[in-house]
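A.B. asks: Could you work out the structure for the sequence below:
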Amino acid sequence: MEFWNQVINTALLGTGKNQRPISNLPEPLEALAVHLANDHETDREEQYLKLAATASIYRKCGTEPLRTELSDFTSAEEEPLAYCTPAMLKVLNSALFEGCMPLVFMCLRLCKQKQRIVEPELLPQLLDIAQGYENNRTLVMDCCGKRGEWLCSFNEKWAKIIPEPEEEIWQTGTVGQRKILLQQIRHRDPELGRTWLQQTWDQETAATRTELIGAMEINAGAGDIPWLETLLQEKSKKIKDEAIRLLKLIPGSVIVELAWQAAGRAVTLKKEKGFFGIGAKTKIEIQLPLAIPEQLWQMGIEKQSNDNNYTDDEYQLFQLLKYIPPHYWEQHFSEKPEQVIAHFVKASETDKYTGAIAMQVIKSKNAEWAMHIANSGRLYFIEIVNLLPEEKREPFLLKDFGQHQQKMVEYAQNFAGQWSEALTKAVFNITARSPYLYGKSYYKEHIERIPVAAIDWLNEIQPEDKYAAMNWGTCKDYIIRLNEIKQNIEHAFKNA
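C.D. replies: Got it, this is the predicted structure:
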């Protein structure tokens, strides 16, 4: 429609600059244009607006929607489950309106537990949400029922929500999808995960190899050693560095054994008799310098210390101790974990190496040693807390970590279930003072962990800084609103 382009051009240039009348008008509009041109009581701008408005309506009149033929059209299957009650739908709509995904997924989990499905009018919104929350797609599909599966067949974006066979994802999925799948497989069947990666390794690009190899850290074990050691010959430095990192995690690998040979000879347990055989003492003796084989230097051991608290020889030993699995010390000293730790922390010249042992405990995820290190009063790294039994974590977090306050909040976020009142107050006392780091979005993300009872004592949190206090006031009202929704969710599903 050439006339419509002229309407647009006139709007862009203005009626004063575009003196040419709009031409090539359809017959029904031509008469109106003549009538407006002869109306000398209205100015040019008003004439233009009247003609443009009529032309816009004319363009839309008679427009037909795109038609398509649906072959083999079938209706959705009968739903085997009952729909949600009005009370359930009301709280789900509240969570959706608030845009709080944790509460939306909380509703859907409870919906699944009650063996209910959502009403059809909410399916498009939930299917759109599922596109951006890959870990919750199965949950969404379970709550959308048969009609949800049926709707997905009419929308390419929704169709991707339906899980594909794992083999198909591994062969045709994106790098991100394949990485997530490989991580999942390594959790349940490490050998299968390694086999799949080995089978496609030669066909992968260097960038893809770098992305996928990291998944081997999950349940890394002795069965992975032969293949990882072959990767030390790779041309890519990133791949070789990653292979070295992974081999350092596995007891029995060439790197760990070489480190142990050097460290084991240098670190021994010596028993000394007291006067007249009374009060025998046991202490760790360290003989430096170390006899470090050339292969370890090539694996990244640094020769010079970057810490004033360590000489070059001490720093080299510290690096080696980070590779030694904790149970090696039990066998070496013929002592229990708590006794080994006690020997190290006893004297300043050996206590300086306990941090290296703690780092290995974190890498190997050794819960028993983590508990003994925490009990020794030397946490060193707050990451130790994640390895403690659930009932022990909060007491350690609630201790004064000083400069570790931000870490405390970070690790509290990883706790399963709701926080206790004491932990919630401790977290809020930190977050309320840091408005730039913790805004409304932070509390929305973690609303499931915040107890409903917090509504009663939120006013006790009072940041001293004026801006922080103002921001906390906004966040506090938001927390109350979300907690009220959460309370309604619990009530609606409890009474169903």
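
A.B. asks: switch to C-alpha atoms for all contacts and neighbour counts from now on
C.D. replies: OK.

A.B. asks: Pull out the buried positions in whatever helix or strand K146 lives in.
C.D. replies: Per DSSP states H and E: K146 is located in helix 137-152. If you call a residue buried by 16 or more other Cα atoms under 10 Å, then helix 137-152 has these buried ones: 137, 139-152.

A.B. asks: Stretch 289-305 now?
C.D. replies: In stretch 289-305, counting by 16+ other Cα under 10 Å, buried: I292, L296, I301.

A.B. asks: Any chance of a markdown table for the residues you listed, columns pLDDT, secondary structure and distance to L317?
C.D. replies: Formatted as a markdown table, those follow (pLDDT from 0 to 100; DSSP: H, G, I helix; E, B strand; the rest coil; distance: Cα to Cα, whole Å):
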| residue | pLDDT | secondary structure | distance to L317 |
| --- | --- | --- | --- |
| I292 | 91 | coil | 9 |
| L296 | 89 | helix | 12 |
| I301 | 89 | coil | 10 |
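
A.B. asks: What is the nearest of these to K352?
C.D. replies: Closest approach to K352 among the buried residues of stretch 289-305 (Cα to Cα): I301, at 18.3 Å.

A.B. asks: how about low-confidence regions in the stretch 351-496 of the chain?
C.D. replies: 378-380, 400-403, 496 (pLDDT under 70).

A.B. asks: I'd like to know which elements the helix ranked longest in the chain is packed against.
C.D. replies: If you go by DSSP state H, the chain has its longest helix at helix 466-494. For helix 466-494, the packing partners by 3 or more Cα pairs under 8 Å, 6 or more residues apart in numbering; DSSP states H and E come out as helix 86-98, helix 101-113, helix 440-445.

A.B. asks: That helix: which residues count as buried?
C.D. replies: Buried, per 16+ other Cα under 10 Å, within helix 466-494: 468-469, 471-473, 475-476, 478-480, 482-483, 485-486, 488-490, 492-493.

A.B. asks: Then stretch 439-454?
C.D. replies: G439, K440, Y443, K444, I447, E448, R449, I450, P451, V452, A454.

A.B. asks: what's the spacing between it and its chain's center?
C.D. replies: 17 Å (Cα atoms, centre = their mean, to the nearest Å).

A.B. asks: what does that stretch contact?
C.D. replies: 100-103, 413, 416-421, 424, 471, 474-475, 478-479, 482-484, 486-487 (Cα atoms under 8 Å, 6 or more residues apart in numbering).

A.B. asks: low-scoring stretches of the stretch 51-200 of the chain, by residue?
C.D. replies: For the stretch 51-200 of the chain, applying pLDDT under 70 flags the ranges 70-72.

A.B. asks: still on that earlier bit, out of the helices and strands packed on helix 466-494, nearest to T54?
C.D. replies: helix 86-98 (38.2 Å).

A.B. asks: Can you name the residues in contact with that closest one?
C.D. replies: By Cα under 8 Å, 6+ apart, helix 86-98 touches M101, L103, V104, C107, V118, E119, I485, N488, I489, A492, F493.

A.B. asks: Mind picking the two most distant members of the buried residues of stretch 439-454?
C.D. replies: G439 and V452 (19.1 Å).

A.B. asks: Tell me the secondary structure at K283.
C.D. replies: Classification of K283 using DSSP: H, G, I helix; E, B strand; the rest coil returns strand.

A.B. asks: Hmm, V345 and it touching each other?
C.D. replies: No - contact criterion Cα atoms under 8 Å: K283 and V345 do not qualify, at 10.2 Å.

A.B. asks: quick one: which of the two has more around it?
C.D. replies: The residue with more neighbours, out of K283 and V345, is V345; 19 against 16, by other Cα atoms under 10 Å.

A.B. asks: quick one, what contacts that one?
C.D. replies: D351, K352, T354.

A.B. asks: now do 7 Å
C.D. replies: With contact taken as Cα atoms under 7 Å, 6 or more residues apart in numbering, V345 is in contact with D351, T354.

A.B. asks: roughly how far apart are it and I362?
C.D. replies: According to Cα to Cα, to the nearest Å, V345 stands 18 Å off from I362.

A.B. asks: so K271 is in which element?
C.D. replies: strand 267-272.

A.B. asks: Now do the buried residues in that strand.
C.D. replies: Buried-residue list, strand 267-272, by 16+ other Cα under 10 Å: V267, T268.

A.B. asks: So what touches that strand?
C.D. replies: For strand 267-272, contacts defined as Cα under 7 Å, 6+ apart pick out A280, K281, T282, K283, I284, E285, I286, Q287, F333.

A.B. asks: follow-up on the earlier one: would a markdown table of the buried residues of stretch 289-305 with distance to I218 be doable?
C.D. replies: Output for those, formatted as a markdown table (distance: Cα to Cα, whole Å):
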| residue | distance to I218 |
| --- | --- |
| I292 | 29 |
| L296 | 24 |
| I301 | 24 |
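
A.B. asks: now, among these, which is nearest to L12?
C.D. replies: L12 lies nearest to I301 out of the buried residues of stretch 289-305, by Cα to Cα, at 68.7 Å.

A.B. asks: contacting residues for the closest one?
C.D. replies: By Cα under 7 Å, 6+ apart, the residues touching I301 are Q319.

A.B. asks: What is the neighbour count of the residue nearest to Y438 when sequence neighbours are not counted?
C.D. replies: Spatial nearest neighbour of Y438, excluding adjacent residues (Cα to Cα, 6 or more residues apart in numbering): T431 at 5.7 Å. T431 has 22 neighbours, counted by other Cα under 10 Å.

A.B. asks: same deal with K112?
C.D. replies: Neighbours around K112, by other Cα under 10 Å: 16.

A.B. asks: hang on, it packs against G145?
C.D. replies: No - the criterion here is Cα atoms under 7 Å, and K112 misses it with G145 at 10.4 Å.

A.B. asks: show me where the protein has strands.
C.D. replies: Using DSSP state E, the strands of the chain run over 82-83, 116-117, 267-272, 281-286.

A.B. asks: buried residues in stretch 409-428?
C.D. replies: V409, A412, W419, L423, T424, K425, A426, V427, F428.

A.B. asks: Tabulate those residues in TSV, adding columns for distance to E167.
C.D. replies: Output for those, formatted as TSV (distance: Cα to Cα, whole Å):
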residue	distance to E167
V409	39
A412	36
W419	39
L423	44
T424	43
K425	47
A426	46
V427	43
F428	45
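
A.B. asks: Closest to A159 out of the residues you listed?
C.D. replies: Closest to A159, out of all of the buried residues of stretch 409-428 and judged by Cα to Cα, is A412, at 36.5 Å.

A.B. asks: and the gap between that closest one and E383?
C.D. replies: Taking Cα to Cα, one finds A412 at 11 Å from E383.

A.B. asks: before we move on, what about D456?
C.D. replies: From D456 to E383 the distance is 32 Å (Cα to Cα).

A.B. asks: ok, the two, which is more surrounded?
C.D. replies: Higher neighbour count among D456 and E383: E383, with 19 against 9, using other Cα under 10 Å.

A.B. asks: Isn't the residue nearest to Y438 up against K425?
C.D. replies: No - using Cα under 7 Å, T431 is not in contact with K425, being 9.8 Å away.
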